[in-house]
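# heads up, no residue letters with this:
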């Protein structure tokens, strides 16, 4: 059985709280990643992200959020 996944890492010289909040809060993320979001990442919530320039949308399910440590989501 083939499992598809992506892992992304980067070194950021900012406060952990600031970086974590910018990833889960669409007010920031829509400026650097996707252009629209149906809401903030929260555990057990389903969110829609949109890239208007590509006419593309995805639904994601938030599996786990551990403040300032981890966010885990999957495409639905």
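The structure has been received and is ready for your questions. Everything numeric here is computed off the predicted structure, so don't read it as measured data.
# residue boundaries of the strands in this structure?
36-37, 46-51, 56-66, 70-75 (DSSP state E).
# what packs against the first one?
Taking 3 or more CB pairs under 8 Å, 6 or more residues apart in numbering; DSSP states H and E as the contact definition, the neighbouring helices and strands of strand 36-37 are helix 26-29, strand 46-51. (C-beta placed from N, C-alpha, C; glycine too.)
# got the ones you listed as a markdown table, with mean neighbour count and distance to residue 2 columns?
Shown next, in a markdown table, are the helices and strands packed on strand 36-37 (neighbours: other CB atoms under 10 Å; distance: least, CB to CB, whole Å):
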| stretch | mean neighbour count | distance to residue 2 |
| --- | --- | --- |
| helix 26-29 | 15 | 29 |
| strand 46-51 | 16 | 24 |
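# CSV for these, including mean pLDDT and distance to residue 3?
Shown next, in CSV, are the helices and strands packed on strand 36-37 (pLDDT from 0 to 100; distance: least, CB to CB, whole Å):
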stretch, mean pLDDT, distance to residue 3
helix 26-29, 94, 26
strand 46-51, 96, 21
